[in-house]
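> No sequence on hand, only this structure:
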């Protein structure tokens, strides 16, 4: 079974608050997608390029090696979702409780189980905690 996640960015250059995001099918847990985002996607332009791909099968350290449904598999209608809030974008994406948000300055992760309110955690801290728990 895959650990699905949502990857969302806050767009600040559009003249009004806007968020957009995509679905990622594989490895959505903190030490998977979370680590890749934190280690390789700190540049705003690179994050834009990633989201521009639309929904993802799997995330890699480069946009070129990331597997995207439209670009790499020819699938249709896998475009980024847009909304005025990150939570509206997250609700439109089928994920397993891992929502990664680049807020314009840093990555944070919202984690929740079904029926719980999402907890916002700085991604760097979440990665350290996950590494500690793995040992």
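Okay, I see it. It should be emphasised that the depicted structure is a prediction, and the values quoted were computed from it without experimental measurement.
> what separates residue 101 from residue 77, distance-wise?
The spacing between residue 101 and residue 77, counted by C-beta to C-beta, to the nearest Å, is 23 Å. The way it works is simple: take the backbone N, C-alpha and C, and place the C-beta from them, glycine included.
> which of those two has more neighbours?
For residue 101 and residue 77, the more surrounded residue by other C-beta atoms under 10 Å is residue 101, and the numbers stand at 24 against 8.
> where does that one land in three-state SS?
strand (DSSP: H, G, I helix; E, B strand; the rest coil).
> Mind listing the residues bridging to the residue nearest to it when sequence neighbours are not counted?
Counting by C-beta to C-beta, 6 or more residues apart in numbering, the nearest residue to residue 101 once its immediate chain neighbours are dropped is residue 8, at 4.7 Å. When bridges are assigned using DSSP bridges, the partners listed for residue 8 are residue 21, residue 101.
> My understanding was that residue 8 contacts residue 89; is that so?
Yes: between residue 8 and residue 89 there is a contact under C-beta atoms under 8 Å: 5.1 Å.
> Determine the residues that are contacts of both of these two.
Residues touching both residue 8 and residue 89 by C-beta atoms under 8 Å, 6 or more residues apart in numbering: 19, 20, 21.
> OK, contacts around the first one?
So the one you mean is residue 19. Shown here is residue 19, whose contacts under the criterion C-beta under 8 Å, 6+ apart are 8, 9, 10, 11, 82, 83, 84, 85, 86, 88, 89, 101.
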